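Enquirer: Sequence isn't available, so here's the structure alone:
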C-alpha cells in the first residue's frame, strides 16, 4: 500500500514537470542565468501574444529562448539582445517598449490623464471655495422671515 | 462657467469612442512587420532538392513573393493550390521550407506541384528567425533589388490575392520596368 502511495505521489510530480516549458541550458554563471531569466520575461512571444517567451510552449518561443541563450554565450549585452529581437519582430516583442515618439502616448498618457484630472478637480474645488465669500448664501431679512414661516407651519402640523 | 467648456467631456468621449471602436476591428494577431523596408537578410542555404546552395543574391532581379511554408503547417496546404495558380499566371514565387523534414518537403512538392522558382531549405529556422517569421504561412514581397516591401501573414486565398495583394505585386512589377 505504502509503495503504491509513493508511486502515485511521484507520478503527480512528473505531471507537473510535463506541463511547464523547460529547456535544459547550462549557464556559465549565476549572473548569466539571471539575465536569461530577465530577458525571457521581458520579451513577448510573437505567436501567442500575451505570454512572455519564458512562459510559452510555442515552438517560436523555444527558438527565441535558444537564440537568447546563444547570444548570452557570445557575450552580447542585454541591449544588443533586445535590439536583435526588435529588429526582427518590432516593438511588439517588448513588454517595456522603448521611449520613442510613437510610444510617448503609452508612457505618458496615464500620467497625463491623472494630471489633467487633478487640475480639473483643483479648479472646481477652488471655485466652490471662492463662491461663498461674496456673501450670496446669507439670507435677506425677507427670506429669513419666509423661512421662519415655513418652518413654523411644518412644526404646527 | 464658460459655455464651451461644457462640450469638452463630450468631445473627449467621442474621441475615445472612435479610437476604441476602431480597436474592435483590428486583428491582434496581425503584427506590423519590422522587416518592411529592409533588405532581405543574408543567408547561405541549400535547396530542398539539394542540388545547389542559394544566397540572398539569387533572389535579386525580379520582384517576387517569398513564401514561408512547411509540411507541418496545415494552412499551407490550403494555400498551396492558390500559389500554383499564381505561378501559372507568371507570378514569381520563391519558397522557404521552414523547419521541416526535407524528405516530407520533397514528397509534398512532387505530389502537389512546385510553384516555387527556388526552394530554400531552412531546416533549423535561422533564415526564418532573421525574417521575423512567427508562424507559417507568411509571404514577403520583395522588389527587384531584394528589399522587403510588404508582408502578408496567413493563407493567401483567391479573395485575399484579388483584393489586397495583386495590386501590391503589380506595383512592384511596374516599378521594376525601365
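Expert: Looks like it arrived, so ask away. From a predicted model like this one, the values you see are computed outputs, not experimental measurements.

Enquirer: Let me see the domain layout of chain A.
Expert: Per automatic domain parsing, the domain ranges recorded for chain A read A:2-93, A:104-156.

Enquirer: starting at the chain centroid, how far to the last one?
Expert: On the basis of CA atoms, centre = their mean, to the nearest Å, domain A:104-156 is displaced by 36 Å from the centre of the chain it belongs to.

Enquirer: model confidence over it, on average?
Expert: The pLDDT scores in domain A:104-156 average 82.

Enquirer: One more: the first one?
Expert: Along domain A:2-93, the predicted confidence averages to a pLDDT of 80.

Enquirer: per-residue confidence for residue 96?
Expert: This is for chain A. 84.

Enquirer: oops, I was thinking of chain B
Expert: Note for residue B:96: predicted pLDDT of 93.

Enquirer: go on, the one 4 residues further on?
Expert: Listed pLDDT for residue B:100 reads 89.

Enquirer: part of a strand, is it?
Expert: No: under DSSP: H, G, I helix; E, B strand; the rest coil, residue B:100 falls outside any strand and is assigned coil.

Enquirer: gap between it and residue B:48?
Expert: Relative to residue B:48, residue B:100 is positioned 9 Å away (CB to CB, to the nearest Å). Any C-beta I mention is one placed from the backbone N, CA and C, and that applies to glycine too.

Enquirer: rewinding a little: residue B:142: which of the domains of chain A is closest?
Expert: Of all these, the one in closest proximity to residue B:142, counting by CB to CB, is domain A:2-93 (16.2 Å).

Enquirer: So residue B:141, which state does it fall into?
Expert: Secondary structure, three-state DSSP: residue B:141 is strand.

Enquirer: Closest to the centroid, which residue in chain B?
Expert: Closest to where the C-alpha atoms of chain B average out (CA atoms, centre = their mean) is residue B:139, at 1.8 Å.

Enquirer: so what's it up against?
Expert: Shown in contact with residue B:139 (CB atoms under 8 Å, 6 or more residues apart in numbering or on different chains): B:65, B:66, B:67, B:68, B:151, B:152, B:156, B:165.

Enquirer: Take those residues and keep only those in strands.
Expert: B:65, B:66, B:67, B:68, B:151, B:152 (DSSP state E).

Enquirer: ok, and the closest non-adjacent residue to the second one?
Expert: Pointing back at residue B:66 there. Using CB to CB, 6 or more residues apart in numbering or on different chains and skipping the chain neighbours, the partner closest in space to residue B:66 is residue B:140 (4.3 Å).

Enquirer: Also the third one?
Expert: The shortest distance from residue B:67 to any non-neighbouring residue, by CB to CB, 6+ apart, is to residue B:139 (4.9 Å).

Enquirer: Would you quantify the distance from the residue nearest to residue B:66 to chain A?
Expert: 13 Å (CB to the nearest CB, to the nearest Å).

Enquirer: can you count the residues close to that residue?
Expert: Using other CB atoms under 10 Å in any protein chain shown, residue B:140 has 24 other residues around it.

Enquirer: so who does it touch?
Expert: So residue B:140 contacts B:35, B:40, B:65, B:66, B:68, B:131, B:148, B:150, B:151 (CB under 8 Å, 6+ apart).

Enquirer: try 10 Å this time
Expert: Applying CB atoms under 10 Å, 6 or more residues apart in numbering or on different chains to residue B:140 gives the contacts B:33, B:35-36, B:40, B:59, B:64-68, B:94, B:96, B:131-133, B:148-152.
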